[in-house]
Every structure is written in C-alpha cells, then in structure tokens.
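K.L.:
generate a structure from the sequence data that follows.
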Amino acid sequence: MEVNVKEFQEKMEKTISVLQGEYATIRAGRANPHVLDKIKVNYYGTPTPIQQVGNISVPEARVMVIQPWEKGLLKEIEKAVNMSDLGIHPTNDGNVIRLVFPELTEERRKELVKDIKKKGEAAKVAVRNIRRDAIDHMKKSEKAGEISEDALADFEDKIQKATDKSIKKIDENIENKSKEILTV
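P.N.:
From the prediction side, this is the model:
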C-alpha cells in the first residue's frame, strides 16, 4: 500500500480556504462585496444569493450599491439585508439600494478580532483532527500488515510537517485579518 500524505494535505488546504472565505465576509470599516456572500434574497419563492439578483458595486470606500436586475426585487433585497447580521440599514431610492458602512468602533473592532481568533482556533482544531484521522488510518494499515513500521513513522513525520505548515498559515491569516480590522 502506498503511503499518501497528499489527500490529507488537500483536506488541510480546504480547511484553510474555508477559513479565508469566512474571513472575507467579516467587514473591516470599508465596503467589501463579500460581506453579502451569506445573504439570500427571496426570488420568486427561492432563496437566491444576493449576487445573482443584481449588480453590486462599491462607488466609495464605505458605500456599497446594489442594483437589482428587476425593480420588483428592491423590497426583497432590502428585507434580506435588514434580516441579516450586517447591522446596516439599507436605503432604497426606488432604483438602487445603498449600504453605508459606518466606521467601526474600538469595541466592535475588538469583538471582531475575538471572532477572528475563535474561527482560527476552530480551523486549527479541524487540521489537527485531519492529522489524527490520518495517523489512525495508517496505524490500522500497519496492524493489518499493509505497511511497515518505518513507512508508518515516515508518514507520521510527513503528516506532522503538513500540520505544522497548515497551522502556520492559519496563524498568518488570523494575524493579517486582525491587523486589517484594527487598522483605523
């Protein structure tokens, strides 16, 4: 049996990309269309991502404009944004919806950084679980006589290196996003 670290490395990479996706939805003072990624609009009875029902633009640093492809969706988009956890009240001028992002307070920034760290820790736990599962899988193979003790030791060494590398990347993501949030 071939000892393959690659599939477990890919799982670790996926964990990191999920974390980066979550970080993209956390707003940092300036308008970023990704904060709308989780918002769904009722489009003829179907929950549809907001990006699929209109054009989203950022004309100024703290202003986002949503221009629906159908005027009838203005109320639905407004409702979806109000019901989201964005904490921003949309203004509807009959043609477009404007979202004005207020400056983040010091307290709110600290809350966001705590949330960033919590998500980062969860990603680290996920990576460590992947490592544990990988080692358990290989130990079973070794017991069954499919691989040698040396191959198992080599695998454990490689999976630990992959884990350390992933944890380092997660720490870098946490630090970068925290800096972005704390920068006034």
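
K.L.:
C-alpha only now, for contacts and for neighbours.
P.N.:
Fine.

K.L.:
the chain: strands as residue ranges?
P.N.:
Using DSSP state E, the strands of the chain run over residues 40-43, 46-49, 54-60, 63-68, 91-92, 97-100.

K.L.:
can you redo those strands as CSV with mean pLDDT, distance to residue 18 and mean neighbour count?
P.N.:
Shown next, in CSV, are those (pLDDT from 0 to 100; distance: least, Cα to Cα, whole Å; neighbours: other Cα atoms under 10 Å):
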stretch, mean pLDDT, distance to residue 18, mean neighbour count
strand 40-43, 88, 19, 19
strand 46-49, 88, 18, 13
strand 54-60, 88, 23, 15
strand 63-68, 89, 24, 20
strand 91-92, 87, 31, 14
strand 97-100, 88, 26, 20
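
K.L.:
out of these, nearest to residue 165?
P.N.:
Among these, strand 46-49 comes nearest to residue 165, with 33.9 Å by Cα to Cα.

K.L.:
I'd like to know which elements the closest one is packed against.
P.N.:
strand 40-43 (3 or more Cα pairs under 8 Å, 6 or more residues apart in numbering; DSSP states H and E).

K.L.:
which pLDDT value goes with the residue nearest to the spatial centre of the chain?
P.N.:
Centroid-nearest residue in the chain: residue 22, 1.7 Å away (criterion: Cα atoms, centre = their mean). Reported pLDDT at residue 22 in the predicted model: 86.

K.L.:
quick check: the gap between the residue of the chain most remote from its centre and residue 152.
P.N.:
In the chain, counting by Cα atoms, centre = their mean, residue 145 sits farthest out from the average C-alpha position, at 40.7 Å. From residue 145 over to residue 152 the distance is 11 Å, taken as Cα to Cα, to the nearest Å.

K.L.:
what residues are shared contacts of those two?
P.N.:
When contacts are counted by Cα atoms under 8 Å, 6 or more residues apart in numbering, residue 145 and residue 152 have no shared neighbour.

K.L.:
any low-confidence regions in the protein?
P.N.:
By pLDDT under 70, the low-scoring segments of the chain are 1-3, 27-30, 184.

K.L.:
tell me the domain boundaries of it?
P.N.:
6-24+105-182, 33-100 (automatic domain parsing).

K.L.:
so which bits of stretch 142-151 are buried?
P.N.:
142, 147, 151 (16 or more other Cα atoms under 10 Å).

K.L.:
do stretch 151-159 as well
P.N.:
Buried residues in stretch 151-159 (16+ other Cα under 10 Å): 151, 152, 155, 156, 158, 159.
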